[in-house]
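Student: Quick one: sequence plus predicted model below, questions after.
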Amino acid sequence: MSAALLGVNIDHIATLRNARGVAYPEPVQAAAIAEQAGAAGITVHLREDRRHITDRDVRLLAETIQTRMNLEMAMTDEMVNIAIATKPAYVCLVPEKREELTTEGGLDVAGQLERTRDVVAKLSAAGILVSLFIDGDQQQIEAAKEVKAPYIELHTGHYAEAQGTAQTDALQQLQQAARFAAGLGLVVNAGHGLHYHNTQAIAAIPEIYELNIGHAIIGRAVFSGLHNAVAEMKQLIEQARG
Ligand SMILES: CC(=O)[C@@H](O)[C@H](O)COP(=O)(O)O
Ligand SMILES: NCC(=O)COP(=O)(O)O
């Protein structure tokens, strides 16, 4: 069975750059290094508050990425217009709160079916593949199918933060969710909070197509370099399915 793909999220390259408002480290350079190290794609989250990735980064990355861009964004008119103008291969719709430190939960598709259906239709009409960042919840998975999103990304944050039996339970929920979603014909990705000690259990889930991992890779890159950090994560993922 082929290994899950690795999408590298480079948001926190931009976090480090923006800490001093200088021109380095450059997200375009990070994307090129991650791709050379085996990333199947580059993920960037253009947040409403532009705390890390900026409009300039998205514009330059759209012109320079050799693999494919996964643009994470909130379901706002502003972001939909940016996505249609940029035409990334993928858009992943994520919930966003300005006061959050990072993404806290999955998108409530079931609670906003018509809005989500409309946004998925607009992006799909522009030739963009849409993924919905959701919790591993049957109702949300069924709603993703109903609004005709071809992809979902299972939020692995609860699994990543849990310990002991709670983490085992969270993993089982993700395994069941992936199986259920794939059974509906959805392509199943996963991400958030994955690192070098908790990724293999997720990568071993046979229905998972791609893992989106960022913070842990950028963290390791501080000590091992970005090429090594990406290559090591890719190797872990490839080993996970035997
Ligand atoms: C949706 C998700 O889990 C991440 O891809 C997201 O980018 C997290 O937000 P920050 O990158 O701002 O931490
Ligand atoms: N959608 C998850 C992602 O892109 C990266 O999340 P994280 O690894 O930075 O937590």
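Tutor: Looks like it arrived, so ask away. Ligands and ions are numbered 1, 2, ... in the order given.
Student: hey, let's count contacts and neighbours off CA atoms from now on
Tutor: Will do.
Student: what does stretch 48-59 rub up against?
Tutor: If you take C-alpha atoms under 8 Å, 6 or more residues apart in numbering as the criterion, stretch 48-59 is touched by 11-15, 18, 27-28, 44-47, 74, 86, 98.
Student: no, scratch that, I was asking about stretch 67-77
Tutor: Stretch 67-77 is contacted from outside by 35, 40-48, 61-62, 79, 83, 88-96, 116, 119, using C-alpha under 8 Å, 6+ apart.
Student: Could you check how far that stretch is from the centre of its chain?
Tutor: Here the centre of mass of C-alpha atoms in stretch 67-77, compared against the chain's by C-alpha atoms, centre = their mean, to the nearest Å, lies 9 Å away.
Student: Now do the buried residues in that stretch.
Tutor: Applying a neighbour-count criterion of 16 or more other C-alpha atoms under 10 Å, one finds 67-75 buried in stretch 67-77.
Student: Kindly format the C-alpha coordinates of that stretch as CSV.
Tutor: Coordinates of each C-alpha in stretch 67-77 appear next as CSV, following Å, rounded to 0.1, in the frame of the first residue of the first chain:
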residue,chain,number,x,y,z
THR,A,67,4.5,20.9,-6.8
ARG,A,68,1.1,22.4,-5.8
MET,A,69,-0.3,25.0,-3.4
ASN,A,70,-2.9,24.2,-0.7
LEU,A,71,-4.3,27.5,0.4
GLU,A,72,-5.9,27.4,3.8
MET,A,73,-8.5,30.1,4.4
ALA,A,74,-11.6,31.1,6.2
MET,A,75,-14.9,31.0,4.3
THR,A,76,-15.1,34.8,3.7
ASP,A,77,-15.9,36.7,0.5
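Student: Need the mean per-residue confidence for it.
Tutor: Mean per-residue pLDDT for stretch 67-77: 98.
Student: check whether that stretch contacts ligand 2.
Tutor: No. Counting by C-alpha under 6 Å from any ligand atom, ligand 2 has no neighbours in stretch 67-77; the shortest distance is 7.6 Å.
Student: again, but for stretch 132-144
Tutor: No. Judged by C-alpha under 6 Å from any ligand atom, stretch 132-144 makes no contact with ligand 2; its nearest approach is 7.2 Å.
Student: quick one, what contacts residue 229?
Tutor: 217-218, 220-221.
Student: one step back: of the contacts of stretch 67-77, select the buried ones using a PyMOL command.
Tutor: Buried subset of these, written as a PyMOL selection, criterion 16+ other C-alpha under 10 Å:
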select buried, resi 35+40+41+42+43+44+45+46+47+61+62+79+83+88+89+90+91+92+93+94+95+96+116+119
